[in-house]
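Sequence first, predicted model second:
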Amino acid sequence: MSAPQRRIAPEHWFGVAGLILLAVGSYLGLVEAPPERYMGEVGRILYIHVPTAWIGLLALTAAGVFAGLYLVQRRPRWDDLLTGCVEVGVILTAMLLIQGSIWARPTWGVFWTWDPRLTTAAILLLSFIGVLALRAFVEDPQRRARWTAVATLVAVLDIPIVYFSVKWWRTLHQDFSSPETVAGAMHWPLRINAFALLALAIWLILRRARLSRQRRSARATAPPATSTLVAGD
Amino acid sequence: MKRSGSLYILIAVVLAVGAIIFLAVGGLGDNLVYYWSPSELRAHYDAPTGQNEDPLNRAVVRLGGEVKPGSIVRGDGASDLSFVVTDGKQEVVVHSTAVPPQMFREGIGVVVEGVLASDGDFRSERIMVKHDNEYKAPTNGEKPAYAPANGTM
């Protein structure tokens, strides 16, 4: 073990910025912004649901990029970042489905329906949970990284399908929102919360990558008999 | 090993990209529809083979369209409701025993689950309301379905 660092790890600044932005964006969304014309107060879940979708899909897309980089360069660093992206993406996608359900019940009338957007999003979540499960079963670090990268590249293919499902098929879920379809007073809470979740996602991904790196170096220096394997690291 | 490994990856990527293109532009969209429009429902059940069908054997389907303005008729019970779903060309009368979502109103998009009965009307036990991607502030005098003080329609 190296000497404890006095300095604050740089990624913590992303966490600080993210929490502040989330507080500001949520205040604007819950207090300053007007209620939605038809949905009223319930419509305010928009300000977390849409950013969660954007950043969740972004994290999983980034996982695909790191998977490609790993397969080309075989650097453990890319596997560390890939793991962080998949774990954060899974949490955001799970949150996305829960938020969507909470929103759907009072507006659509049902918690869940098998429309193409909801179905492809559920497949996305299950695919990436599968990636993490696969990862937990492989002990050899290089093989684990390789299998994870290939499985990630397969799972990533659902991302454009989720995104474009509302264009390609008939859905109960609404079409893309854009600045033209959202009132001006609702733009800022959306934007600020999107940057908040982006910063929080980067924070957690970098923390996770650092943890993986430290575990690897700890294992490299420890004698084999005392080294412990931690599933999925 | 490494060389053949990357070949497999290349093949997998080509197959998967092909699958996405097939999903995007292929005929799958016609076979896997989340709901039928009134015209499609009529076309399906007015076909000659469907004439002597036992209505109880008809499959549960989803019908989607707009609630025709002025067509909503509420019965005695809280959930006794009928309305007309239209796609601008064809209309289907829907009788529902479900309590509609609070956002249910004239002119809104709905998806109803049920069966087309032999009298040509649709019997449904589930009404889902479709919200579009427009998010606007209420204009003067408009009352949202979920207002802070009085949550009724």
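Happy to help now that I have it.

lowest-confidence helix or strand of chain B?
Of all helical and strand segments in chain B, the minimum by mean pLDDT, DSSP states H and E falls on helix B:28-31, at a mean of 55.

Tell me if the helix or strand just after that one is near chain A.
Counting by DSSP states H and E, the next helix or strand C-terminal to helix B:28-31 is helix B:38-45. No. Figure legend: helix B:38-45 not in contact with chain A (C-beta under 8 Å from any C-beta of the partner chain); closest approach 10.5 Å. Every residue, glycine included, has its C-beta placed from N, CA and C.

How about chain A: which residue is closest to chain B?
Distances between chain A and chain B by C-beta to the nearest C-beta are smallest at residue A:40, namely 3.0 Å.

so what's that residue bridging to?
For residue A:40, the beta-bridge partners are residue A:36 (DSSP bridges).

Please work out how many residues are found near it.
23 (other C-beta atoms under 10 Å in any protein chain shown).

likewise residue A:16?
Neighbour number of residue A:16 under other C-beta under 10 Å is 12.

Can the helix or strand where residue A:100 lies be said to contact chain B?
Assigning secondary structure by DSSP H and E places residue A:100 in helix A:76-107. Yes. With C-beta under 8 Å from any C-beta as the criterion, chain B is reached by helix A:76-107 at A:106, A:107.

Flag every buried residue along that helix.
A:78-93, A:95-97, A:99-100, A:103-104, A:106-107 (16 or more other C-beta atoms under 10 Å in any protein chain shown).

list the helices and strands that helix packs on?
helix A:46-73, helix A:116-137, helix A:141-155, helix A:187-221 (3 or more C-beta pairs under 8 Å, 6 or more residues apart in numbering or on different chains; DSSP states H and E).

Pick the most deeply packed of those.
helix A:46-73 (a mean of 21; mean count of other C-beta atoms under 10 Å in any protein chain shown).

could you check the angle helix A:116-137 makes with that helix?
Orientation of helix A:46-73 against helix A:116-137 (axes from the mean of the first three to the mean of the last three C-alpha atoms, to 10 degrees) gives an angle of 50 degrees.

For helix A:46-73, name the packing helices and strands.
helix A:12-27, helix A:76-107, helix A:116-137, helix A:141-155, helix A:158-168, helix A:187-221.

Throw those into TSV and include mean pLDDT, thanks.
Shown next, in TSV, are the helices and strands packed on helix A:46-73 (pLDDT from 0 to 100):
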stretch	mean pLDDT
helix A:12-27	96
helix A:76-107	96
helix A:116-137	92
helix A:141-155	93
helix A:158-168	92
helix A:187-221	94
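
Turn these into TSV, columns for distance to residue A:51.
Formatted as TSV, the helices and strands packed on helix A:46-73 follow (distance: least, C-beta to C-beta, whole Å):
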stretch	distance to residue A:51
helix A:12-27	8
helix A:76-107	9
helix A:116-137	15
helix A:141-155	22
helix A:158-168	15
helix A:187-221	4
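
State whether residue A:176 is indeed within a helix.
No. Under DSSP: H, G, I helix; E, B strand; the rest coil, residue A:176 sits outside any helix and is assigned coil.

Pop out the phi and psi values for it.
phi -50, psi 140 (degrees, to the nearest 10).

again with residue B:73
Torsion angles, degrees, to the nearest 10, at residue B:73: phi -120, psi 120.

same thing with residue B:88?
The phi/psi pair for residue B:88 (degrees, to the nearest 10) is phi 90, psi -20.

so who does it touch?
Residue B:88 makes contact with residue B:66, according to C-beta atoms under 8 Å, 6 or more residues apart in numbering or on different chains.

From what I see, residue A:209 and residue A:86 are in contact.
No. Applying C-beta atoms under 8 Å, one finds residue A:209 not in contact with residue A:86, separated by 11.7 Å.

which regions of chain B sit below the pLDDT cut-off?
Flagging of chain B using pLDDT under 70 yields the residue ranges B:1-6, B:9, B:20, B:22-31, B:46-57, B:78-79, B:140-153.

Domain ranges for chain B, per the record?
Here the domain assignment for chain B is B:1-32, B:33-130, based on automatic domain parsing.

Mean neighbour count, those domains: which tops it?
The stretch of those with the highest mean neighbour count (mean count of other C-beta under 10 Å) is domain B:33-130, at a mean of 17.

Minimum distance to residue A:221: which of the domains of chain B has it?
Closest to residue A:221 of the domains of chain B, according to C-beta to C-beta: domain B:1-32, at 28.7 Å.

Surely residue B:113 is in a helix?
No. Assigned with three-state DSSP, residue B:113 falls outside any helix and is strand.

Lovely, talk soon.
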